[in-house]
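Participant: mind folding the following:
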Amino acid sequence: MARRSVVWCMLGLVVVCGLAWVAWRPDPEALLAKGLATVARDPVVAESYFQRALLASAFPLRSEAQLGLCLAWGRQQKWDEVRREFPDIELANCRPRLLYEFGRVAVDANQIDEARQTLEELAQRHVRDSVDALDLLIVGYRRWGLQNEMLAVARELTTRFPDRFDIWSIQVEALRAMKLDQECLETARQAMQHDPPDDYRREFQLLIVEMLINRAEVETARQELETLQTLEGESFRTRACEASLFRLEGRFDEALKVAASLFGDQRLEPTAHMIRGFVYLDRGDFEKAVADFKLTIAAQPYNTQAHFKLSEAYRGLGKPAEALAHSRLANDLSAKRLEINVLLKLRAGQREPASAIARKLADLFEEIGDTAAAAHWRRQAGSE
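Facilitator: Residues are numbered from 1 along each chain as shown. Predicted coordinates for the structure are as follows:
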């Protein structure tokens, strides 16, 4: 009888304890809310909230607790912990704002794989935060040298929001840098169809004129230049385009007269010398072309096109050694830029820290004269 009483007492105690745990157990939703409210100002405290939420959570809330924990770690620069936890998270179960906040921290810290996975998950949902995710992806893709991915996001944004002229501008400049002249021209014309503000209208119109000049479509370029002159008046840019058109038409005296009007602003003189050098080169006045290109290079020693054109001018003068030297410089600069693009893509697919790649990028940017980018990648190498 006594033994039975003890058993019943023990069972009763278990029931009471169970009811007490149910009544007073931590609410994972409340803990998540506290962590999210705290993480920006005190990620250490937020980390404890997310840890407790993780212990109290069941699927699917567990994924949000895990990502919240990664957000707190990211704000403390504990990226080793993030990389251990992140692969186990079901991002599809996480709320949009949490995805965005973690993605933003990951982009800022150049944690490429985690940033891409998180923001790409959010971007495909087509909720309010999706647009912010697409904007962040453009920032990240530009920084990491993922031009094709950046263009895909830009196209999606301009399709959904044709009045996003900031994105149109990023898109056409990327296409121009990639030497995709036809697509660049078509995209600029498409942007113009959506009635951009005057500042964007002038930039798109200038780009249209310059693309047509590059393609030697003189007649169409002249028509588009008239539109640009209506928008901008007689500016340095319109006169530079006019000089280039006269050159393409073989009207060298008129081209030189317009080119002479480009001088006067010391900041723009390297470009003025370059444009006049083109005219002298096409006219066969190689000595004057050499003089102009050398002045451009003195101000812009990493100008690939100036080195290439100077090489042509020296060849015209019958100076093969000088021509070869500047041809090699031009090719070397082009090769370094190509290597930079390859390394940026390699780094974008790298899950673990890649300080060696960052150091190499810093060296290459230094060698092509981009000191700001070189400093960025040296800091990045040091942080890894």
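
Participant: test my guess that residue 97 contacts residue 130.
Facilitator: No: using Cβ atoms under 8 Å, residue 97 is not in contact with residue 130; the gap is 11.5 Å. The way it works is simple: take the backbone N, C-alpha and C, and place the C-beta from them, glycine included.

Participant: and the two? which has more neighbours close in?
Facilitator: Between residue 97 and residue 130, counting by other Cβ atoms under 10 Å, residue 130 is the more crowded of the two (20 against 14).

Participant: so the more buried one versus residue 381, what's the distance?
Facilitator: 33 Å (Cβ to Cβ, to the nearest Å).

Participant: check which helices and strands the lengthiest helix in the chain sits against.
Facilitator: The longest helix of the chain (DSSP state H) is helix 320-348. For helix 320-348, the packing partners by 3 or more Cβ pairs under 8 Å, 6 or more residues apart in numbering; DSSP states H and E come out as helix 112-123, helix 128-144, helix 304-316, helix 355-367.

Participant: what's near enough to touch the residue positioned nearest the centre of the chain?
Facilitator: Against the mean C-alpha coordinate of the chain, by Cα atoms, centre = their mean, the closest residue is residue 142 at 1.3 Å. Taking Cβ atoms under 8 Å, 6 or more residues apart in numbering, we find residue 142 in contact with 150, 170, 174.

Participant: who's in contact with the last one?
Facilitator: Looking back up the chat, that one is residue 174. So residue 174 contacts 142, 147, 150, 151, 154 (Cβ under 8 Å, 6+ apart).

Participant: next SSE downstream of the helix or strand hosting the last one?
Facilitator: What that stands for is residue 154. Under DSSP states H and E, the secondary-structure element containing residue 154 is helix 147-160. Going down the chain from helix 147-160, the next helix or strand is helix 165-177, by DSSP H and E.

Participant: quick one, that next one and helix 128-144 angle?
Facilitator: For helix 165-177 against helix 128-144, the angle by axes from the mean of the first three to the mean of the last three Cα atoms, to 10 degrees is 30 degrees.

Participant: can you give the distance from helix 165-177 to the centre of its chain?
Facilitator: 11 Å (Cα atoms, centre = their mean, to the nearest Å).

Participant: can I get that helix in PDB? Just the C-alpha atoms.
Facilitator: Taking C-alpha atoms only, helix 165-177 is exported to PDB below (Å, rounded to 0.1, in the frame of the first residue of the first chain):
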ATOM      1  CA  PHE A 165      16.400  55.100 -64.000                       C
ATOM      2  CA  ASP A 166      19.200  54.500 -61.500                       C
ATOM      3  CA  ILE A 167      19.100  50.900 -62.500                       C
ATOM      4  CA  TRP A 168      18.900  51.600 -66.200                       C
ATOM      5  CA  SER A 169      22.000  53.700 -65.800                       C
ATOM      6  CA  ILE A 170      23.900  50.900 -64.000                       C
ATOM      7  CA  GLN A 171      22.700  48.500 -66.700                       C
ATOM      8  CA  VAL A 172      24.000  50.500 -69.700                       C
ATOM      9  CA  GLU A 173      27.300  51.300 -68.100                       C
ATOM     10  CA  ALA A 174      27.900  47.600 -67.300                       C
ATOM     11  CA  LEU A 175      27.000  46.700 -70.900                       C
ATOM     12  CA  ARG A 176      29.400  49.400 -72.100                       C
ATOM     13  CA  ALA A 177      32.200  48.100 -69.900                       C
END
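
Participant: who touches the next helix or strand after it?
Facilitator: Using DSSP H and E, the helix or strand that directly follows helix 165-177 along the chain is helix 181-192. With contact meaning Cβ under 8 Å, 6+ apart, helix 181-192 is reached by 158, 165, 168-169, 171-172, 175-176, 200-201, 204-205, 207-208, 211-212, 214-215.

Participant: next, the buried residues of helix 181-192.
Facilitator: 184, 185, 187, 188, 189, 191, 192 (16 or more other Cβ atoms under 10 Å).

Participant: now stretch 98-112
Facilitator: Of the residues in stretch 98-112, those buried (16+ other Cβ under 10 Å) are 98-107, 109-112.

Participant: what's it in contact with?
Facilitator: 36, 39, 64, 67-68, 70-71, 74-75, 77, 79, 82, 91, 114-115, 118-119, 121-122, 129, 132-133, 136, 139-140, 143-144, 347-350, 380.
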